[in-house]
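# need the 3D shape of this:
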Amino acid sequence: MGTTSTATRGDSHTLRLALLVIATAQLMMVLDDTVANVALPSIQADLAVSGSLLPWVINAYVLAFGGLLLLGGRAGDLYGRRRVLRAGLVLFTVASVVGGLAPTIELLVAARAVQGVGAALVAPNALALIATTFREGGARNRAVSVYGAMSALGIIGGVLLGGILTSTLSWRWVLLINLPIGVAVLAGTRVLRDAERGSGRLDTLGAVTATGGFVALAFGFTQAGEHGWNKPATLASFAAAVLLLALFALRQARAAHPLLPLRILADRNRSGAYLAVLVIGAGLMGTFYLATLFMQQVMQFGPLVSGLAALPFGAGIIAASAVASKLVERLAPRAVSVPGLVLASGGMLWLSTLESTSGYWTHMLIPLFLTSAGLGMAFVPMTLTVVRGVGAGESGVASAVMNTAQQLGAAVGLASSTGGGSARSASRSPNSPLRWVIASSRRRRATGRCA
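Here you go, the predicted model:
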């Protein structure tokens, strides 16, 4: 009796530590989607960067991360998820140090691209390790809720942490902070339980076409956000993406050892979950981007205050993820996710009524919370649907498709929200959200001068 009790306590401790390691690894990867945003002006001043090159500090990471996720997930299935996750952590941490010490913008952009490669190896295998470490049921539901909260909180935490580090230390610490965290997570990976490896070999041609297709697609959305949807570079990127992804699908249907077994997509519930995750990613990034822009340009909040003001967004995600992890034990995933999406839509509709004279406490606090709570509630059951019923040798690639959908959704949300990415393009687009924010800011300043 005593031995059993001790073993149970030991297992519980190990599982908690495993969840901490997985959640922290995921948080690191998502944080770096946004953590450098606040530091861009400091980077530009310190390294004498041109305006055209500066966005690549962000784009290099996003494109490598989003484009290589499928490859990272399949590599974990074939060569061991824990091994591939460790390799990704080492790559990510070393690239962070190189980027933090970079004397030139070219080296910084290259380091950010390598960071993205490391993140693509870590993210899908972190989720797959939840499926192999935690039994299906309450334990896995709670683990996925924490994972989902970390995925969404990374967007907010990146802005807040970037503001704190840039204002108190230096922009370089936005990257150097990954060194102690990466080493700690790497040391903790020993508690993770790996699964039996899948059979077969890596589909090289599939990897090339998939990576090229997803990079072209992500680049297209990035270009749309910066320069507009009808520009030649944007249209060429989307055309290349369609061609490469069509070749990829054809290859997967014929390959003996496909990179993405099409039976994973044949399940209607799982395919619907992927689509929902894409929508959730777009909603999270689009809403957060516009809310932050509104707070900085209209309400005149500084970067650090904007990060603090966005905390209700994070609180909503945490609260809703915890509630959703309980609800999915009694209800079908659809019965939890659909009300969540309706709640998020209501919050976004409320935010769309903001005016230049709107106040934070009276007009932003509650809708921000409702939007994030709804998205968080929808994310948990969709994540569980993705990993449920997948063979042990394919959970990595199933997780990678979900992460890819989330990254592409974020790119869609950002591109749609910026409406051209600059005041110049906004002036040509009457319905652009960015133009609305800028116009609101000008009206507010004009009102101040008249007073």
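
# can you pull out the helices in the stretch 1-150 of the chain?
Remark: helices assigned in the stretch 1-150 of the chain by DSSP state H, counting those that start in this stretch are 2-34, 40-47, 56-79, 81-101, 105-133, 138-168.

# could you check how far residue 39 is from residue 174?
As for residue 39, its distance to residue 174 is 5 Å (criterion: Cβ to Cβ, to the nearest Å). (Each C-beta comes from the backbone N, C-alpha and C, glycine too.)

# overlap in contacts, these two.
Here residue 39 and residue 174 have 162, 165-166 as joint contacts, going by Cβ atoms under 8 Å, 6 or more residues apart in numbering.

# contacting residues around residue 413?
For residue 413, the contacting residues are 281-287, 289, taking Cβ under 8 Å, 6+ apart as the criterion.

# check what pLDDT it gets.
The predicted local distance difference test score for residue 413 is 75.

# helix or strand: which one has it?
For residue 413, the host element (DSSP states H and E) is helix 395-418.

# and that helix with helix 81-101, angle?
An angle of 40 degrees separates the directions of helix 395-418 and helix 81-101 when computed by axes from the mean of the first three to the mean of the last three Cα atoms, to 10 degrees.

# right, and residue 219 touches residue 239 too?
No: Residue 219 is beyond contact range of residue 239, at 11.8 Å (criterion: Cβ atoms under 8 Å).

# looking at the two, which has the bigger crowd around it?
Neighbours were tallied for residue 219 and for residue 239 using other Cβ atoms under 10 Å; the higher tally belongs to residue 219 (23 against 12).

# please identify the helix or strand for the more buried one.
Using DSSP H and E, the secondary-structure element containing residue 219 is helix 204-227.

# run the chain-centre distance for that helix.
Computed by Cα atoms, centre = their mean, to the nearest Å, the separation of helix 204-227 from the middle of its chain amounts to 16 Å.

# quick one: list the elements packing against it.
Helix 204-227 is packed against helix 56-79, helix 232-254, helix 395-418, with contacts defined by 3 or more Cβ pairs under 8 Å, 6 or more residues apart in numbering; DSSP states H and E.

# please identify the buried residues of the following helix or strand past the shortest one?
The helix or strand immediately downstream of helix 232-254 is helix 263-266, counting by DSSP H and E. Buried residues in helix 263-266, counting neighbours by 16 or more other Cβ atoms under 10 Å, are found at residue 264.

# taking helix 138-168 as reference, get the angle to the helix holding residue 413.
Using the same axes, to 10 degrees: helix 395-418 against helix 138-168 is 50 degrees.

# how far away is residue 412 from residue 295?
Computed as Cβ to Cβ, the residue 412 to residue 295 distance reads 22 Å.

# circling back to that earlier point, CA atoms of the helix holding residue 219 as PDB?
Once non-C-alpha atoms are left out, helix 204-227 reads as follows in PDB (Å, rounded to 0.1, in the frame of the first residue of the first chain):
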ATOM      1  CA  THR A 204      12.400  14.400 -49.300                       C
ATOM      2  CA  LEU A 205      10.400  15.500 -52.300                       C
ATOM      3  CA  GLY A 206       7.300  15.900 -50.100                       C
ATOM      4  CA  ALA A 207       9.400  17.900 -47.600                       C
ATOM      5  CA  VAL A 208      10.700  20.300 -50.300                       C
ATOM      6  CA  THR A 209       7.300  20.900 -51.900                       C
ATOM      7  CA  ALA A 210       5.500  21.300 -48.500                       C
ATOM      8  CA  THR A 211       8.100  23.600 -47.100                       C
ATOM      9  CA  GLY A 212       8.200  25.700 -50.300                       C
ATOM     10  CA  GLY A 213       4.400  25.800 -50.400                       C
ATOM     11  CA  PHE A 214       3.900  26.900 -46.800                       C
ATOM     12  CA  VAL A 215       6.800  29.400 -47.000                       C
ATOM     13  CA  ALA A 216       5.300  30.900 -50.100                       C
ATOM     14  CA  LEU A 217       1.800  31.000 -48.500                       C
ATOM     15  CA  ALA A 218       3.100  32.600 -45.400                       C
ATOM     16  CA  PHE A 219       5.200  35.100 -47.400                       C
ATOM     17  CA  GLY A 220       2.200  36.000 -49.500                       C
ATOM     18  CA  PHE A 221       0.200  36.900 -46.300                       C
ATOM     19  CA  THR A 222       3.200  38.800 -45.000                       C
ATOM     20  CA  GLN A 223       3.500  40.800 -48.300                       C
ATOM     21  CA  ALA A 224      -0.200  41.400 -48.300                       C
ATOM     22  CA  GLY A 225       0.000  42.900 -44.800                       C
ATOM     23  CA  GLU A 226       3.000  45.100 -45.700                       C
ATOM     24  CA  HIS A 227       2.300  46.200 -49.300                       C
END
